[in-house]
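K.L.:
Could you work out the structure for the sequence below:
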Amino acid sequence: MSMPALRAAILLLVTLLQGCSELLFYPQAGLPFTPERVKLAYEDVSLRTADGTRLHAWWLPAKAGVAVKGTVLHLHGNGGNLASHLGGSWWLPAQGYQVLLLDYRGYGLSAGQPSLPAVYQDIDAAFTWLQQAPAVQGKPLIVLGQSLGGALALHYLAEHPQQYHRLKALVLDGVPASYREVARYTLANAWPTWPLQVPLSWLVPDGDSAIQAMPKLQGVPLLIYHSIDDPVVPLSNGVRLYQAARPPRVFQQTRGGHVQTFAEPAWRQLMLRFIDDPQAFSGLRRLIEAPNTPNQESPQ
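P.N.:
Predicted structure coming up:
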């Protein structure tokens, strides 16, 4: 095991012993750059949560001269901040999709400290802003959840069906099915923590995990990406989420590192085809083939 991976496993061990939900979050304060560096138009957006926490987000309008097709709420993963995750959605404005890219509390320029369940207020604040923003009204709404952001989105949407049914489509990328199982995987890959992987993983809170929320969601077309090479969240997580999901849904395996999906133009085009017409989309399923009709139960 590499030294960075070993340090990560030891850090996880220490945090597990503390038994707190903060182990899910690894925020970076400040912003090293803005979308202006890559010649993207953007606006800084300030949001306020129900508990009064001030959040920062970027609004990426559709490229000038391009007809607006819809809005994408981009919920990023557990490390870094907006700048770290711009690669997941920078390409959408040129295709007619405006983007709200949110930093959770404690990330980037957002105030507070991230924890569960408080972070769900952050997602709620983003939905509230989208309900009120003039540029969003009358346009389809899509959620893109990458890694932890996808797991947070699933739990939030299962608890807020009125927001779930506003969506035209939901796209997940490299999402952990179970926080506990991913913790066990990490512990198993470091020799200091390997012998304790089972008992320590049980200290990880798992009630909010994506696999618990997925069966509660029905009716909104779902696209799941997962890399067969993912070194952080194993491919089995994407498979389990697909199997737990209700149709219509599509599973697409990819290649490359964790949530590096949209570095590949083919997967950007695939998502565009899906969100343009998700009800008619059949996808490029290679790993799992299953009926994709609403009256067909998902495979077990």
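K.L.:
CA atoms for contacts and neighbours, from now on please.
P.N.:
Noted.
K.L.:
Now do the buried residues in stretch 122-142.
P.N.:
Of the residues in stretch 122-142, 122, 123, 124, 125, 126, 129, 130, 136, 140, 141, 142 count as buried by neighbour count, 16 or more other CA atoms under 10 Å.
K.L.:
farthest-separated two in the residues you listed?
P.N.:
122 and 140 (21.1 Å; CA to CA).
K.L.:
which ones among the buried residues of stretch 122-142 are found in strands?
P.N.:
141, 142 (DSSP state E).
K.L.:
contacting residues for residue 108?
P.N.:
27, 28, 29, 30, 31, 56, 80, 81, 82 (CA atoms under 8 Å, 6 or more residues apart in numbering).
K.L.:
Buried among those? Make that a ChimeraX selection.
P.N.:
Per 16+ other CA under 10 Å, the buried members of the contacts of residue 108 correspond to this ChimeraX selection:
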select :27,28,56,80,81,82
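K.L.:
could I get the contacts of residue 108 as JSON lines with secondary structure, distance to residue 262 and pLDDT?
P.N.:
Shown next, in JSON lines, are the contacts of residue 108 (DSSP: H, G, I helix; E, B strand; the rest coil; distance: CA to CA, whole Å; pLDDT from 0 to 100):
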{"residue": "27", "secondary structure": "strand", "distance to residue 262": "22", "pLDDT": "95"}
{"residue": "28", "secondary structure": "coil", "distance to residue 262": "22", "pLDDT": "96"}
{"residue": "29", "secondary structure": "strand", "distance to residue 262": "24", "pLDDT": "96"}
{"residue": "30", "secondary structure": "coil", "distance to residue 262": "24", "pLDDT": "96"}
{"residue": "31", "secondary structure": "coil", "distance to residue 262": "21", "pLDDT": "96"}
{"residue": "56", "secondary structure": "strand", "distance to residue 262": "24", "pLDDT": "98"}
{"residue": "80", "secondary structure": "strand", "distance to residue 262": "18", "pLDDT": "96"}
{"residue": "81", "secondary structure": "coil", "distance to residue 262": "17", "pLDDT": "97"}
{"residue": "82", "secondary structure": "helix", "distance to residue 262": "16", "pLDDT": "97"}
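K.L.:
I'd like the contacts of residue 108 laid out as TSV, including distance to residue 155.
P.N.:
Shown next, in TSV, are the contacts of residue 108 (distance: CA to CA, whole Å):
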residue	distance to residue 155
27	20
28	24
29	25
30	27
31	28
56	22
80	22
81	21
82	21
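K.L.:
Out of the contacts of residue 108, which comes closest to residue 271?
P.N.:
When the contacts of residue 108 are compared against residue 271 (criterion: CA to CA), the nearest one is residue 82, at 20.8 Å.
K.L.:
ok, the closest residue to that closest one other than its chain neighbours - how many residues close by?
P.N.:
What sits nearest to residue 82 in space, not counting adjacent residues and going by CA to CA, 6 or more residues apart in numbering, is residue 103, at 5.9 Å. Using other CA atoms under 10 Å, residue 103 is surrounded by 28 other residues.
K.L.:
thought residue 103 was touching residue 53?
P.N.:
No: counting by CA atoms under 8 Å, residue 103 stays clear of residue 53, with 11.9 Å between them.
K.L.:
re the thing from before, for the residue nearest to residue 82, what are phi and psi?
P.N.:
Dihedral angles of residue 103 (phi, psi; degrees, to the nearest 10) stand at phi -100, psi 120.
K.L.:
which residues of the stretch 201-300 of the chain fall in strands?
P.N.:
222-227, 249-254 (DSSP state E, counting those that start in this stretch).
K.L.:
Comparing the ones you listed, which yields the minimum mean pLDDT?
P.N.:
Averaged per stretch, pLDDT over the strands of the stretch 201-300 of the chain is lowest on strand 249-254, reaching a mean of 93.
K.L.:
returning to what we had before: can you tell me how far the residue nearest to residue 82 is from residue 85?
P.N.:
10 Å (CA to CA, to the nearest Å).
K.L.:
what is in contact with these two at once?
P.N.:
residue 76.
K.L.:
What separates the first and last residues of stretch 84-102, distance-wise?
P.N.:
Start-to-end span of stretch 84-102 (CA to CA) is 12 Å.
K.L.:
I meant stretch 30-43, not that one.
P.N.:
16 Å.
K.L.:
looking at it, residue 165 is touching residue 220, isn't it?
P.N.:
Yes: between residue 165 and residue 220 there is a contact under CA under 8 Å: 7.0 Å.
K.L.:
More neighbours: which of the two?
P.N.:
When residue 165 and residue 220 are compared for neighbours, residue 220 comes out ahead with 20 against 15, by other CA under 10 Å.
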